[in-house]
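**Q** Need a 3D model of the sequence below.
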Amino acid sequence: MEALPEPPAAPWTGLGEDYRDGKIITGSTPHRLILFSFDDGPDRRTTPLLLDRLDAEGIKALFFLVAERLGDDTPRLRQQSSIAQEIVRRGHLVGNHTVNHVQLPLLDTEAAMAEVLGAQRAFEQTFGARPWLIRPPFGAHSQRIDQNLAARDYTIVLWNLGAGDHQVRSAQEVFDVWLKVMQRREREEGDRGGIILLHDTYAWSVDAFQRIVAHLRARNCELLEQGEELYDFVDDLSFFFEAREDASAEATAEPAMLAPGVLAERQARLRELTAQHCRSIPTL
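**A** Numbers count the residues shown, from 1 in each chain. Okay, here's the model as predicted:
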């Protein structure tokens, strides 16, 4: 029977320590920054394919892992723990999504923290270190939960661009919902980008990821001609993160803003790559 690989002597990167003890991240941004996040895995049926597709697109993402899917008690759990390690090996960030994926505010404090700390122990077994990022299941949190998570130096990471992929059964439906949410967020909140929520446990979500990327790359061809800011796939949380310092546990990070020089540098490089991509697209 194959054993779970031993975690390395030194803690793995990819557990979000650079983003510990931050204000609650909402994903809001007036820039066309795009960060993908995937919840509820790892799943041996779908996550490996998603990792290959992320590699093919040159995109890094956030994965919020459910601890009941990790361990060494069965071949399935051992395989999924190896997949979790592979997520980090490929340069993605991972975070805590509790043990059993329950709404934390519905539990008393002891039970809620048991969900969090139980998952933390599973991470320590799998990676040799604890996670510093957490996404409360369903995005449900409260002042009580926020305070207990802050006391343990967690940074809560939410999202602003959902796709309803747990309610549909096709990649096209996921894409359509995501596009409507994207358009509504820009119209009502001024968000032109942000953190996208998908689930790596659904085959249709893995397919929808590619449709979303293809759409945004095609839009960049149009935006390039119009001289507008392009969609920028970011690799980590740095633009969305804000240290908590003396702020309350319930404080939220400001919308992600790029300094003018940083924006100009990133956009200049992106315009070159986009121009090459758009020239390679066959015309009818």
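**Q** ok, so what distance separates Ser170 from Ala163?
**A** 12 Å (CB to CB, to the nearest Å). The way it works is simple: take the backbone N, C-alpha and C, and place the C-beta from them, glycine included.
**Q** Those two - which one has more neighbours?
**A** When Ser170 and Ala163 are compared for neighbours, Ala163 comes out ahead with 26 against 13, by other CB atoms under 10 Å.
**Q** Look up phi and psi at Met113.
**A** phi -70, psi -30 (degrees, to the nearest 10).
**Q** ok, now the one 5 residues further on?
**A** Reported as degrees, to the nearest 10, the phi and psi values for Gly118 are phi -60, psi -40.
**Q** mind checking pLDDT for it?
**A** Looking at Gly118, its pLDDT reads 98.
**Q** residues touching it, list them.
**A** Gly118 makes contact with Ala67, Thr98, Val99 under the criterion CB atoms under 8 Å, 6 or more residues apart in numbering.
**Q** Which parts of the stretch 101-250 of the chain are helices?
**A** Under the criterion DSSP state H, counting those that start in this stretch, the stretch 101-250 of the chain contains helices at 109-127, 143-151, 171-189, 203-226.
**Q** Can you tell me the SS state at Arg44?
**A** Under DSSP: H, G, I helix; E, B strand; the rest coil, Arg44 falls in the coil class.
**Q** do you know how far it is from Gln79?
**A** 5 Å.
**Q** Now the phi/psi pair for the most centrally placed residue in the chain, please.
**A** By CA atoms, centre = their mean, the chain has its centre lying nearest to Ser37, at 2.2 Å. Per-residue torsions, Ser37: phi -130, psi 150 (degrees, to the nearest 10).
**Q** That one bridge partners, please.
**A** Applying DSSP bridges to Ser37 gives these bridge partners: Leu62, Leu197.
**Q** ok, now which ones touch it?
**A** Shown in contact with Ser37 (CB under 8 Å, 6+ apart): Ala61, Leu62, Phe63, Phe64, Arg135, Val157, Trp159, Ile195, Ile196, Leu197, Leu198.
**Q** Let me know the pLDDT of the first one.
**A** Confidence at Ala61, expressed as pLDDT, is 98.
**Q** Leu49 versus that one, what's the distance?
**A** Taken as CB to CB, the span from Ala61 to Leu49 is 14 Å.
**Q** Compare those two (neighbour count), which wins?
**A** Set side by side, Ala61 and Leu49 show more neighbours around Ala61, with 25 against 14, by other CB under 10 Å.
**Q** Contacts only, for the closest residue to that one other than its chain neighbours.
**A** Excluding its sequence neighbours, the residue lying closest to Ala61 (CB to CB, 6 or more residues apart in numbering) is Phe36, at 4.2 Å. Going by CB under 8 Å, 6+ apart, Phe36 touches Leu54, Ile59, Ala61, Leu62, Ile195, Ile196, Leu198, Phe209, Phe233.
**Q** Show me the strands in this structure, by range?
**A** Secondary structure of the chain (DSSP state E): strands at 33-39, 61-65, 93-96, 133-134, 155-156, 194-199, 232-233.
**Q** surely Leu149 meets Ala249?
**A** Yes. Leu149 is within contact range of Ala249, at 7.2 Å (criterion: CB atoms under 8 Å).
**Q** which of those two has more neighbours?
**A** Using other CB under 10 Å as the criterion, Leu149 and Ala249 rank with Leu149 on top: 23 against 19.
**Q** Now do the same for that one: its pLDDT.
**A** Predicted confidence (pLDDT) for Leu149: 98.
**Q** residues contacting it?
**A** Val116, Ile134, His141, Ile156, Ala249.
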